[in-house]
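A.B. asks: This is the structure alone, sequence omitted:
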C-alpha cells in the first residue's frame, strides 16, 4: 500500500506524467481538485477546492453541494411527474388524481391571491373565541391535527418496548425562530433578529385585520421567550430523547400538571391509544407549569401566529413574502424565494409521499441499480462482521450477539415492500387550504390508527424519493431510498473505490448506529436489553472520546465553534463507516491489486470519493443556525475530521508529523 501511495502522491503534486487518455475512468471529478493544496494539509480543499471556488449557491437556496445537486435532480424528476399528473384529468380518488390536483391547487396562483386570508378566517375566529385554558389545550391539539400548527412536534416511531408496534412521540417545540438562543442570546445578530421578528408578527396580525396587532405580537414574543427558557439545550435534548418517558394519558395530569393533556389528546384523536412517549420529559413538565402563568389572551395570540405562519405559503403573496423576508432572507441569508413549483413538490411530498414516490420509482429507478446497491451493502455487512470479530476489547459473548445483530439486520433498498394507500383522502383542485387541512387530518388519524396496531409494520418513515438514509434500532432495519442511490454517491459506471468511499461509507455510518449509545440498547430482535457489559460501554466511549475535543476545536465562523458533544454520535458514525467501508473495498478486490486510475491508487480514490460526497458551500447566516441546532458537523469537518483519525489516510498520502492534518496515533479515535 505504501509503495503504491508513494507513486500516486507524486502524481497528486504534478511531478509525474498524466495517465494516458485511454486509461479506464475512475469516476472522480478531476476538475474539482485543487492541486495547489497538499492533501496532507487540507484534504477537503484538495479534493474540492476548484469546485468551491467556482460554485455558486442558488439564490433560492442556502447551501450548494453534492446532496443539493442530487436533491435538485430528484426535484426536477418529481416536477415532471406532477406536471403530467396535473394535466391527466384522472378518475377521482386515484393516486394520479390526488397528486395532480393537490399540485394543481397550489399552482393556481390567481385563485390563491384572490382568496387572501379567507381560508383561515374561520379558524382564527375560533381561536379568538377561546375563554379558558382548557379551550387553549383543545385548540392546541386541534391545530396539530389539521395544520401541524400546535406547539409540539408529533411523530410516529417504533415502540421501544414492542418493536412490532408504533408509538406516538412528542418532541419539545413551541418556537417559530430556529433555536432557543435566538430568544435568549444577546450576541449579534440575535437582538436585531428579535426586533425584526416582532415586526413580522405585527405585520401578519395586521394582514388578518387585527387592530391590536402590536399588542398581540408582543404577547407572542413573551410566550415564546418563556418557552425558550424551559427548553432543553441541544445536547441535553438529544440525550433526553434517547430515553424518552412513556406515559399513559390518564397519568399525565399528575405527572405534568398545569396543562389539560387529556383535552389536548382528545382533540387530535390520540386519547384512545393509551401511551405517549415524551422525548424530553423535563421540557413538557416545565411547559405544563408555564401554561397557567399567561392569560388566555396571550395563548390566543400565540396559537394564531403559529396558524398563520404554518399556512403562509398557501395564502396570498403578502403572507408568503413576510415569511420569506424574515425566516429565509434575514435568518438564513437566502436571497430569492424558491420557485413556486418547488414548494408545490414539497407539499405533495408532505401529504402524498408514497403516491408520488411510487411514480418516481417506476420512472427513475432501474432494477440494476437496486441489485448493484444490494451487492455493495452485503459487502459492507461482511466487512462489519469481520471488524466486530476482530475487536479484542469486546468479550466473546458480546461479539456473538453483535454478529447476530448484523446477520439479522433487515436492509430495505430503493422502495418499500408495500406502498401506503391514500384512499379516502379528499383532494380538490379548487381548495388548497382545505387540502392542507384534510391532508394533515388524514395523517393524524393514520398516526393514531398505527399506534393502536393497525397498518403495515414494514412502512418507511421517508419516501423512496428522499435523499436520505436511516437505521431503526427497534426493528434492526436499514433503509436506503432510491433517490439516494444516484451519482456521485452511487454510480454503477464508476470505479468500485469511489462507490465504497461514498455510498459505502454512508451505509457503514448507518449500520454503526446499531452499536452506538442508543442503538446498543436493542438486541438482534429489536428488544430493549442491555447486552454490553458496563466495561465495554466505557471502553467504547474511551476509544471515541478524542472526537469531542477535536471537533470542538473547529471554528466555522468567528467566535462560533462546532459543538463536539452535540455532534459526537454522527462524527463517530462517520469514522466507523469509513473504516468498515474501506475494509469492504479491500474484500471486494479478492486479494488482487487495485489499479492506478487517473493517477490515484484505490485507497486514494476511496478517500476522494468520500470527500466529494461532502463538498458544500453554506451561507454564513445559515451556518450560524447550523452550529446552534444540528447534530451534524459542517461538511468540511466531517471530511477532514474523520480522515485525521483514519489510518488508511496516513498510509495512502504518507502523512507526516509536520503536516497540518496529522494527529499523533495516541490522539486518534479508533474503534474497530
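C.D. replies: Received, thanks. Here the structure is a predicted model, which means the values were calculated and not measured.

A.B. asks: and residue 165, how many residues sit next to it?
C.D. replies: A count of nearby residues for residue 165, using other CB atoms under 10 Å, gives 16. Backbone N, C-alpha and C define where each C-beta goes, glycine included.

A.B. asks: List the contacts of it.
C.D. replies: Contacts for residue 165 (CB atoms under 8 Å, 6 or more residues apart in numbering) come out as 158-159, 451, 453, 457.

A.B. asks: so it sits in a strand?
C.D. replies: Yes. Per DSSP: H, G, I helix; E, B strand; the rest coil, residue 165 lies within a strand segment.

A.B. asks: Please tell me how far it sits from residue 250.
C.D. replies: Separation of residue 165 from residue 250 (CB to CB, to the nearest Å): 19 Å.

A.B. asks: and the longest helix along the chain, what does it pack onto?
C.D. replies: Taking DSSP state H as the criterion, the chain has its longest helix at helix 367-389. Helices and strands touching helix 367-389, as assessed by 3 or more CB pairs under 8 Å, 6 or more residues apart in numbering; DSSP states H and E, comprise helix 396-407, strand 410-414, strand 477-481, helix 505-512, helix 568-588.

A.B. asks: Adding distance to residue 632, mean neighbour count and mean pLDDT, write these out as a markdown table.
C.D. replies: Converted to a markdown table, the helices and strands packed on helix 367-389 look like this (distance: least, CB to CB, whole Å; neighbours: other CB atoms under 10 Å; pLDDT from 0 to 100):
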| stretch | distance to residue 632 | mean neighbour count | mean pLDDT |
| --- | --- | --- | --- |
| helix 396-407 | 25 | 16 | 97 |
| strand 410-414 | 23 | 17 | 96 |
| strand 477-481 | 18 | 23 | 97 |
| helix 505-512 | 11 | 26 | 98 |
| helix 568-588 | 5 | 25 | 98 |
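
A.B. asks: any chance of these in TSV, plus distance to residue 235?
C.D. replies: Compiled in TSV, these are given as follows (distance: least, CB to CB, whole Å):
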stretch	distance to residue 235
helix 396-407	27
strand 410-414	31
strand 477-481	26
helix 505-512	20
helix 568-588	9
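
A.B. asks: Name the nearest of the contacts of residue 165 relative to residue 262.
C.D. replies: Nearest to residue 262 out of the contacts of residue 165 is residue 451 (CB to CB; 16.5 Å).

A.B. asks: Quick one: residues contacting the closest one.
C.D. replies: 156, 165-168, 270, 273.

A.B. asks: Tell me how far it lies from residue 272.
C.D. replies: Distance, residue 451 to residue 272, by CB to CB: 9 Å.

A.B. asks: ok, residue 173 - contacts?
C.D. replies: 151-153.

A.B. asks: any idea how far it lies from residue 256?
C.D. replies: From residue 173 over to residue 256 the distance is 15 Å, taken as CB to CB.

A.B. asks: Tell me which stretches of the stretch 501-650 of the chain form helices.
C.D. replies: Assigned by DSSP state H, counting those that start in this stretch, the stretch 501-650 of the chain shows helices spanning 505-512, 534-544, 546-552, 568-588, 602-613, 620-629, 635-643, 647-652.

A.B. asks: Out of the helices and strands packed on helix 367-389, which gets nearest to residue 205?
C.D. replies: When the helices and strands packed on helix 367-389 are compared by CB to CB, helix 568-588 sits nearest residue 205, at 39.7 Å.

A.B. asks: any idea of the angle the longest helix of the chain forms with helix 396-407?
C.D. replies: Orientation check (axes from the mean of the first three to the mean of the last three CA atoms, to 10 degrees): helix 367-389 against helix 396-407 gives 180 degrees.

A.B. asks: Show me what counts as buried in helix 367-389.
C.D. replies: 369-370, 372-373, 376-377, 379-385, 387-388 (16 or more other CB atoms under 10 Å).
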